[in-house]
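*Asks:* Return atomic coordinates for the entry below.
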Amino acid sequence: MTKIVAIEDLSESEIRDVPEPAGRSVPARVAESIQAMIVERNLKAGDQLPSQRDLTHMLHASRPSVREGISMLETLGIVSVEVGRGVYVSERAGGTPADRWRFGRDYSLREVYQFRAALEPAALALAAARFDAEDLGVMRAAAEALLGAAEAGNAVG
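*Replies:* You can find the predicted model right below:
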């Protein structure tokens, strides 16, 4: 029987060894692990993260995957990258994902939702024409995982 353990009860080494669901990209897993590291180590705005080289060893990921994971977190406003200096926990790392979004200064939430309301139904209509039952199951599982991540405050999930 498999024991279910809450993520907050795991150490860094246990987090990186947890098997991930099939289909999750390595950069997404790296971003989630870094986000968990920030919480686990109780890092605050301005605290420096380990170097990319160290993160590749800690997370058992390639350097390009680590860079992409960091880029995801930077886009979400969780970290900031200072070229030649390192990666730091962002001033905006707390709060809601909307507060952390780095484009928040350029676009209001209303503009973002208007754009999404125009684009996403058209994209879904094109994709739905090609869906089969298996695709719907995968989409449903992804939507449930996204909801669970949002409820847990995981901006990457």
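*Asks:* name the element Tyr88 belongs to?
*Replies:* Taking DSSP states H and E as the criterion, Tyr88 maps to strand 86-89.
*Asks:* so where's this structure uncertain?
*Replies:* Within the chain, the segments meeting pLDDT under 70 span 1-23, 92-105, 109, 154-157.
*Asks:* now stretch 117-131: how far from the chain's centre is it?
*Replies:* Here stretch 117-131 is found 24 Å from its chain centre; the criterion is Cα atoms, centre = their mean, to the nearest Å.
*Asks:* Also stretch 53-66?
*Replies:* Using Cα atoms, centre = their mean, the offset of stretch 53-66 from its chain centre is 16 Å.
*Asks:* and that stretch, which residues are buried?
*Replies:* For stretch 53-66, burial by neighbour count (16 or more other Cβ atoms under 10 Å) applies to Leu55, Thr56, Met58, Leu59, Ala61, Ser65, Val66. Where you see a C-beta, it was placed from the backbone N, CA and C, and this is true even at glycine.
*Asks:* what's the most distant pair in the residues you listed?
*Replies:* Checked with Cβ to Cβ, the buried residues of stretch 53-66 reach their widest spread between Met58 and Ser65, with 12.5 Å between them.
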